[in-house]
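**Q** Just a sequence and a predicted model for now, questions to come.
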Amino acid sequence: MKAIITDLDRTLLRTDKTVSAYTLSVLKRCREKGMLLLVASARPLRTIAPYHAQIGFDAIAATNGVIIQLPGRQLIHGLRRESAQQALAALMRYPDVLLSAETSGGLFANGDIPEWDPVIYHDFPRLPAHVIPYKILASSPHRQLYEEIAALLPPDAYHTVAGESLIQIMSTEATKWKAIRHMLAHFQLSPKDAVYFGDDNDDVEALQQCGLGVAVQNAIPAALAAADRIAPDNDSDGVARFIEENILERNLAL
């Protein structure tokens, strides 16, 4: 085993967004055995930073693979500005839609989202000047949007739905799996050398393509179906328990 790759929210992190002392100790043992620790998250880089300070990831895929932080360099695969504004215009035709845009200048939203602390912005679909759009996010109380979203997007954009309610729109060049391939290639590793832990739609491809795909018990059905193995849920430190019992102690071969 050469690389541990994990999602953060609802996977490595407990529901209260913390990393337990037990999980930190297991990851430290992985590092002592020479394993790489990589993260692939929908979170922006700025909100991964506190966990990076605790764990010390060797590489980071942030914002669903829009930003890839490698040792000594950074890759960015943002949306074209025209495509982002086209998607925003289409989304605004739906009533009561809550919109936000993750950009190089921070997060802008048309309403308050306390847990994200965005800049309130009322000029969508036009984006602020001089920013690179990374990701568009949308949610609505009306299911029609979720049924029609795929047909609204330009050909160079795609979407996933997180937690069955949050639409995420990115460039087709930005997926978790593509970012993972970049990270592994940097370290001259094959996907077969890695285990991946995830829980949601944007984790499915990595669960299927890495040498071993492990979904936590609280994962959505699509992720559970894609996984080779199932770990305990995130509030039971499922990632760390699986690593300790199957990789560190039993030296599970891929």
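**A** Nice, thanks for sending it over. Numbers count the residues shown, from 1 in each chain.
**Q** hang on, Tyr51 is in a strand, isn't it?
**A** No. Secondary structure of Tyr51 (DSSP: H, G, I helix; E, B strand; the rest coil): helix, not part of a strand.
**Q** what residues does stretch 39-52 touch?
**A** With C-beta atoms under 8 Å, 6 or more residues apart in numbering as the test, stretch 39-52 has contacts from 5-9, 12-13, 19, 55, 57, 59-65, 67, 69, 102, 107, 134, 162, 168, 176, 179-180, 183, 196, 198, 202-203, 206. In short, each C-beta sits where N, CA and C put it, glycine included.
**Q** Show me the residues you listed that map onto helices.
**A** Of the positions in these, 55, 176, 179-180, 183, 206 sit in helices, assigned by DSSP state H.
**Q** Among those, which one sits closest to Pro128?
**A** Of all those, Ala179 has the smallest distance to Pro128: 25.3 Å, by C-beta to C-beta.
**Q** and the gap between the closest one and Pro232?
**A** Using C-beta to C-beta, to the nearest Å, Ala179 is found at 26 Å from Pro232.
**Q** same question, Leu189
**A** Going from Leu189 to Pro232 by C-beta to C-beta gives 27 Å.
**Q** Same check on Leu127?
**A** The value you get for Leu127 to Pro232, if C-beta to C-beta is used, is 42 Å.
**Q** Which of the two has more residues huddled nearby?
**A** Set Leu127 next to Pro232 and count neighbours by other C-beta atoms under 10 Å: Leu127 wins out with 21 against 16.
**Q** my guess is the more buried one meets Gln86, correct?
**A** No. Contact criterion C-beta atoms under 8 Å: Leu127 and Gln86 do not qualify, at 11.2 Å.
**Q** closest to Cys30 among the ones in helices among the contacts of stretch 39-52?
**A** Using C-beta to C-beta, Ile55 is the member of the ones in helices among the contacts of stretch 39-52 that sits closest to Cys30, with 10.1 Å.
**Q** Check whether Asp235 really touches Thr15, as I assumed.
**A** Yes. Asp235 lies in contact with Thr15 (C-beta under 8 Å); the separation is 5.6 Å.
**Q** The two - which one has more neighbours?
**A** Between Asp235 and Thr15, Asp235 has the larger neighbour count (other C-beta under 10 Å), namely 15 against 11.
**Q** where does this protein dip in pLDDT?
**A** Scanning the chain for pLDDT under 70 picks out 251-254.
**Q** the strands in the stretch 151-254 of the chain, which residues?
**A** With DSSP state E, counting those that start in this stretch as the criterion, the stretch 151-254 of the chain has strands at 157-162, 166-171, 194-198, 212-216, 229-231.
**Q** got the contact list for the last one?
**A** With C-beta under 8 Å, 6+ apart as the test, strand 229-231 has contacts from 197, 212-217, 219, 224, 238-239, 241-242, 246.
**Q** Neighbour count and distance to Gly34 for the residues you listed - can I get that in a markdown table?
**A** Output for these, formatted as a markdown table (neighbours: other C-beta atoms under 10 Å; distance: C-beta to C-beta, whole Å):
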| residue | neighbour count | distance to Gly34 |
| --- | --- | --- |
| Phe197 | 31 | 19 |
| Leu212 | 20 | 18 |
| Gly213 | 22 | 22 |
| Val214 | 25 | 20 |
| Ala215 | 29 | 26 |
| Val216 | 29 | 25 |
| Gln217 | 14 | 29 |
| Ala219 | 29 | 28 |
| Leu224 | 16 | 31 |
| Gly238 | 24 | 23 |
| Val239 | 26 | 19 |
| Arg241 | 16 | 21 |
| Phe242 | 22 | 19 |
| Asn246 | 17 | 17 |
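**Q** and the closest residue in space to Leu248 that isn't next to it in sequence, backbone torsions?
**A** In this structure, Leu248 finds its nearest non-sequential neighbour in Arg29, 5.8 Å apart by C-beta to C-beta, 6 or more residues apart in numbering. With angles defined as degrees, to the nearest 10, Arg29 sits at phi -60, psi -40.
**Q** what's the neighbour count on Arg29?
**A** If you count neighbours by other C-beta under 10 Å, Arg29 ends up with 15.
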